[in-house]
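this is a predicted model, with the sequence first.
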Amino acid sequence: MTDNAFYASLGLTPAVNANGKMTALGGSRPSDATLAAMAEAARGHVVMDDLLTAAGRELAEAAGTEDACPTTGAAAGIALAVAGLVAGTDLARIERLPDPGGRPNEVILPKGHAVHFGAPLVQMIALGGGRAVEAGAVNKVRRAHLEAAIGPRTAALLYVQSHHAVRTGTVTLAETVATGRAHGIPVVVDAAAEEDLRAWPATGADLVIYSGGKALGGPTSGFVCGRADLIAACRAQYAGIGRPMKVGKETVAGLVQAVRAYGARDPAKAAGTAAEQHARMTGLAARLGTLPGIRADVVRDEAGRHIHRALLTVDPEGAGRDAETLAAELAAGTPPVFLRGHHAAEGRLAVDPRALTAEEEELLVRRLTALLTGAPA
């Protein structure tokens, strides 16, 4: 695997990331062009309000919306979006947040969408001065549940498009948008890791939030896009609760460059990447499926994205440990190896190829083989 002199200077060993583009492992590996844009921006000064406005115009064009606001990440985007909906552009109200000052501040979301993505989503709502109102039950939310939750203090409807969220038995985004339209209530979509920037605004949502460090392959960053008046309110929050989550010029430059490169992709090459992932994971599954206690299959991303992973189902008797223990043993080694463990408690681990080099894939095979057979690593 690639050495990293800076991490070494801190006494750290770079991790092998078979988990995916996860915040806990540093997000993405930005391209050379993205890193160059960040370095160039770092070497000069700019009026930050002008940079946020100009970058927002370009991000909005990529997403097919009226305007956009760069952020430090999708979580900050949720807080800023809620704050904008609660306080608008009124400076006095902005400076009182998270106290809503009597303004409508209830944010209604399906109960199964009150997720934890490393922090509670409802806490991001609270930071923006909102109060989360969870509609329905975890496994059953109908449009009637949203309708019943709407009242004079409703500020927005929030829909989470994520593998973290419950996706069965719940209200659809189309129903959520229709409900918002019927009651004159803005609809916010958290589409942090989604791949198609234009698809989610096209649903009729008023605000859509993306991560820059996930599908886009940029630095740790994000943006909110949507209606021009609501985006102006999001930007205005940098004079209030947005101050401790302000985005730097280098990050804005890297985000814009990553979005430019993402939009310039050849669709045929993008489709080829998915096919290449499938072929690569098919080969890996064939190798890992021969190990004691491991059944290996190839599966597509559970949230519908064009990502193919090797799914490892662990038989504790055959493997000599359960899936959670196996994942912990890999993470405790040198270098630490991280598998995707969202379903480890159910006996399933996954290998995500997007951040995994060919060299690291071989290291993963050796480490798993050593743990499960006793062979030298």
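Structure received.

export the least confident helix or strand in the chain by mean pLDDT to CSV, keeping only CA atoms.
Least confident element among the helices and strands of the chain, by mean pLDDT, DSSP states H and E: helix 267-288 (a mean of 83). Below are the C-alpha coordinates for helix 267-288, written out as CSV (Å, rounded to 0.1, in the frame of the first residue of the first chain):
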residue,chain,number,x,y,z
PRO,A,267,-21.6,8.2,-19.4
ALA,A,268,-20.2,5.2,-21.2
LYS,A,269,-17.1,5.3,-18.9
ALA,A,270,-19.3,5.7,-15.9
ALA,A,271,-21.3,2.6,-16.9
GLY,A,272,-18.0,0.9,-17.6
THR,A,273,-16.9,1.7,-14.0
ALA,A,274,-19.9,-0.1,-12.6
ALA,A,275,-19.3,-3.1,-14.9
GLU,A,276,-15.6,-3.1,-13.8
GLN,A,277,-16.6,-3.0,-10.2
HIS,A,278,-18.9,-6.0,-10.7
ALA,A,279,-16.2,-8.0,-12.5
ARG,A,280,-13.6,-7.1,-9.9
MET,A,281,-15.8,-8.1,-7.0
THR,A,282,-16.9,-11.3,-8.7
GLY,A,283,-13.2,-12.3,-8.9
LEU,A,284,-12.7,-11.3,-5.3
ALA,A,285,-15.8,-13.2,-4.1
ALA,A,286,-14.5,-16.3,-5.9
ARG,A,287,-11.3,-16.1,-3.9
LEU,A,288,-12.8,-15.3,-0.5
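
just checking, what packs against the following helix or strand past it?
Using DSSP states H and E, the helix or strand that follows helix 267-288 in sequence is strand 294-300. Applying 3 or more C-beta pairs under 8 Å, 6 or more residues apart in numbering; DSSP states H and E, we find strand 294-300 packed against helix 267-288, strand 308-314. Where C-beta positions appear, they are placed from N, C-alpha and C, glycine not excepted.

the least confident helix or strand of the chain to strand 294-300, inter-axis angle?
On the basis of axes from the mean of the first three to the mean of the last three C-alpha atoms, to 10 degrees, helix 267-288 is oriented at 170 degrees to strand 294-300.

contact partners of helix 267-288?
294, 296-298, 306-312, 351, 353-354, 361, 365, 368 (C-beta atoms under 8 Å, 6 or more residues apart in numbering).

next one: stretch 50-66
Counting by C-beta under 8 Å, 6+ apart, 67-70, 197-198, 201-202, 208, 210, 223, 225-228, 231, 235, 238, 247, 249, 252, 255-256, 259-260, 262-263 sit against stretch 50-66.

just the strands in the stretch 51-200 of the chain please.
Along the stretch 51-200 of the chain, the stretches classed as strands by DSSP state E, counting those that start in this stretch are 67-71, 106-110, 131-135, 154-160, 187-190.
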